[in-house]
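A.B. asks: Sequence and predicted model, in that order:
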Number of protein chains: 2
Amino acid sequence: MSWDTLSIVTTRRRGAALEEAILQAAVEELTEVGYRELTMDGVAARAGTAKNVIYRRWPSRAALCIAAYRHMLPTGPDSTPDTGSLRGDALALLTRANDRMSSPVGRILRQLLADIQSDPERMRELRDQVARAGVSHWLTVLARAASRGEVGQQALTPRVATVAVDLLRNEYALNGATAVSTEVLTEIVDQVFVPLASRD
Amino acid sequence: MSWDTLSIVTTRRRGAALEEAILQAAVEELTEVGYRELTMDGVAARAGTAKNVIYRRWPSRAALCIAAYRHMLPTGPDSTPDTGSLRGDALALLTRANDRMSSPVGRILRQLLADIQSDPERMRELRDQVARAGVSHWLTVLARAASRGEVGQQALTPRVATVAVDLLRNEYALNGATAVSTEVLTEIVDQVFVPLASRD
DNA sequence: CTCTTAAGATACTGCTAGTAGCTTAAGAGG
DNA sequence: CCTCTTAAGCTACTAGCAGTATCTTAAGAG
C-alpha cells in the first residue's frame, strides 16, 4: 500500500464494530436518499469499506436495508394517551401514527414493503414487527373507554381496534408519500372508529 | 438487408396499428412476468419492433406500462348486486373486489402503484381511474338499504361507503400478493361495514 | 512468533433503462 | 408514376447497479 495519500491511518475494524458502522452508514443513506436510491456502493463508501464486506453479512440489498430499518427504530416503548374520552385518545393515537408514517422512517418502511411483496418470508418479518405494533395501545384505549361505559364489548376485537390505523395505511397506499391531513384523521375517527366502538 | 433468413416479408406497420401491437405485447408481458420483470427489450422483441420505437411514444417504462394496464381493463360497466340484504350486497361487492385485486390485473396495479409513489403526477392518474371506481356501487347498495330502512343517513358518506374496500386494500398492502380469505372478508363486513351502516 | 480469519481493494459479469445515428419502407401530394 | 417527408427498423452505445471473484494484508488468538 502506498502512503502518499492524506488518509489517516485507521485501525482495521472487525466483527461487531464493523457491522455497526455499516448499519449506521445504511441508515444515513436511507434517510438521505431513501430505499429506492440507496446503492450498495454508496453504503460501502460511506462506511469506509467495500461492497463484498457487506455481502458477507447480508445476502442482498433488501436484507441490509431491513436490518438498517430495524436499527433506526425508536427504542423505548411509548405511552398510551389518556385524554379522558375515546375520541381524544383515538385522535392522539392516530395523529401519532400519521406522524410516523409521514416521517422518513415511514417512507422507508413503505418503500421496503412495496419492494418485498414478492418475498413472503421477508414480508412477514417486516409486517409482524411493525404493522401490528400499536394494537395494544388501541386495545388499552378501548378497554378504558369500556370501563367508563363508553363502548360495548363488540368493539374489543383486533379488527375494530386497528380499523383507524388500517384506514390510515390505506390512505398512504393510495396517495403516496404526502402526509394525510388532519381533516382525514378526524373523519376516520368521527365517521368510523368512534361510531363503531360506541354502538349499543 | 439480407434475405437469407426465414423471416416472412411483412409490411412495415405504422401509426395506430403499430401502437396497438406494442400495447398488446406489453399487456402479454405484464400478465406473464409482471411489472417488475418486464423489460423494454422484451416488449420490443415480442412486438417485433425496436426499443426506440417504443420510446418515441412513451417517455418511460412506467408510462408504457400504465398505458398497457389501461388497455387490459375490462370495458363494460358491471352490475350492482341486489341480494335483498345489505350484508349480502356488501359481501358480493367485496368478494368481487377481492377477486380483482388477487387477479393478475390486480397484481400489476399494485406493482405499478408501488413503483410510482415518487411521481405524484402518474400517481393521481392511476388512483383516480381505478381506486375510486367502485364507489358508486357501494353508494347504490347503501341507498337501497336505506330505502328499506336498514341503514341511517349517517352511512351515506364516501368514507363509510368505501370503508370495506379500503380495509381490503390495506390487507393487500400488508400481506402482499396472497389473496385475502373469505373469513377476512366476512369479518370486515360483519364487524365493520354492517354495524357502521346499521347504526340508528 | 505464527497461523487463521476476515477486512480491504480492485476488477469483473450480467443486466437493464434510455439514447444516438443511420438506413429504408410507407404513404401523401403532385 | 415520381418524389419527398416522415417514421419504422436496426445496431451500437452509455451509464448505472447488483452481485461475484480474487488477491493482499491486517487483527487477533494461541
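C.D. replies: Right, received. Where do you want to start? Numbers count the residues shown, from 1 in each chain, chains lettered A, B, ... in the order given.

A.B. asks: where does chain A come near DNA strand C, residue by residue?
C.D. replies: Within chain A, the positions near DNA strand C by CB under 7 Å from any atom of the strand are A:12-15, A:18, A:48-53, A:56. Quick note: C-beta positions are derived from backbone N, CA and C, even for glycine.

A.B. asks: any idea how far the closest residue to chain B within chain A lies from B:Gly176?
C.D. replies: Nearest residue of chain A to chain B (CB to the nearest CB) works out as A:Ala114 at 3.5 Å. Remark: distance between A:Ala114 and B:Gly176 (CB to CB, to the nearest Å) = 10 Å.

A.B. asks: so what's the residue of chain A closest to chain B up against?
C.D. replies: B:114-115, B:117 (CB atoms under 8 Å, 6 or more residues apart in numbering or on different chains).

A.B. asks: number of nearby residues for A:Val33?
C.D. replies: By the criterion of other CB atoms under 10 Å in any protein chain shown, A:Val33 has 12 neighbours.

A.B. asks: Test my guess that A:Tyr35 contacts A:Cys65.
C.D. replies: Yes: between A:Tyr35 and A:Cys65 there is a contact at 5.7 Å, judged by CB atoms under 8 Å.

A.B. asks: Find residues that contact each of the two.
C.D. replies: A:108, A:112.

A.B. asks: other SSEs contacting the helix ranked longest in chain A?
C.D. replies: Using DSSP state H to assign secondary structure, the helix with the most residues in chain A is helix A:15-37. Counting contacts by 3 or more CB pairs under 8 Å, 6 or more residues apart in numbering or on different chains; DSSP states H and E, helix A:15-37 packs against helix A:40-47, helix A:51-55, helix A:61-71, helix A:104-116.

A.B. asks: What parts of chain A come near DNA strand D?
C.D. replies: So far as CB under 7 Å from any atom of the strand goes, chain A lies against DNA strand D at A:1, A:11-12, A:14, A:37-41, A:50-52, A:55, A:60-61.

A.B. asks: Give the burial count for A:Thr162, as a bare number.
C.D. replies: Residues near A:Thr162, counting by other CB under 10 Å: 21.

A.B. asks: How much space separates it from DNA strand C?
C.D. replies: 37 Å (CB to the nearest atom of the strand, to the nearest Å).

A.B. asks: I figured that residue hits A:Ser136, correct?
C.D. replies: No: taking CB under 8 Å as the definition, A:Thr162 is not a contact partner of A:Ser136, at 10.7 Å.

A.B. asks: Compute the inter-axis angle for the helix or strand in which A:Asp99 is found and helix A:104-116.
C.D. replies: According to DSSP states H and E, A:Asp99 maps onto helix A:86-102. Relative orientation of helix A:86-102 and helix A:104-116, computed by axes from the mean of the first three to the mean of the last three CA atoms, to 10 degrees: 70 degrees.

A.B. asks: how about helix A:86-102: buried residues?
C.D. replies: Residues of helix A:86-102 classed as buried: A:86-87, A:89-95, A:97-98, A:100-101 (neighbour count, 16 or more other CB atoms under 10 Å in any protein chain shown).

A.B. asks: Run through the residues that contact the closest residue to A:Pro158 other than its chain neighbours.
C.D. replies: Nearest residue to A:Pro158 in three dimensions, chain neighbours excluded: A:Val135, at 6.3 Å (CB to CB, 6 or more residues apart in numbering or on different chains). The contact partners of A:Val135, by CB under 8 Å, 6+ apart, come to A:158, A:161-162.

A.B. asks: Please list the members of those residues that lie in helices.
C.D. replies: A:158, A:161.

A.B. asks: Let me know the distance separating A:Glu171 from B:Gly152.
C.D. replies: 25 Å.

A.B. asks: Mind checking which of those two has more residues around it?
C.D. replies: Applying other CB under 10 Å to A:Glu171 and B:Gly152 shows that A:Glu171 carries more neighbours, namely 21 against 13.

A.B. asks: quick one on the thing from earlier: give me the buried entries from the residues of chain A next to DNA strand C.
C.D. replies: Buried among those (16+ other CB under 10 Å): A:13, A:18, A:49.

A.B. asks: and chain A, what are its domains?
C.D. replies: For chain A, automatic domain parsing gives the domain ranges A:15-71, A:86-198.

A.B. asks: Where in chain A is the helix or strand with the lowest mean pLDDT?
C.D. replies: For chain A, using mean pLDDT, DSSP states H and E, the weakest element among its helices and strands is helix A:120-126, scoring a mean of 83.

A.B. asks: ok, now how distant is the closest residue to A:Leu185 other than its chain neighbours from A:Leu168?
C.D. replies: Distances taken as CB to CB, 6+ apart place A:Leu94 nearest to A:Leu185, at 5.2 Å, with adjacent residues excluded. Using CB to CB, A:Leu94 is found at 6 Å from A:Leu168.

A.B. asks: Name the residues contacting each of these two.
C.D. replies: A:185, A:188.

A.B. asks: before we move on, back to that, read off the pLDDT value for the residue of chain A closest to chain B.
C.D. replies: As predicted, A:Ala114 sits at a pLDDT of 87.

A.B. asks: One more: A:Ser7?
C.D. replies: 40.

A.B. asks: Give the burial count for A:Val194, as a bare number.
C.D. replies: A:Val194, neighbours per other CB under 10 Å, totals 21.

A.B. asks: Where does it sit, in terms of helix or strand?
C.D. replies: Assigned by DSSP H and E, A:Val194 falls in helix A:194-198.

A.B. asks: Any chance you could list what contacts that helix?
C.D. replies: A:86-87, A:90, A:142, A:145, A:150-152, A:155, A:160, A:163, B:154, B:192, B:195-196, B:199.
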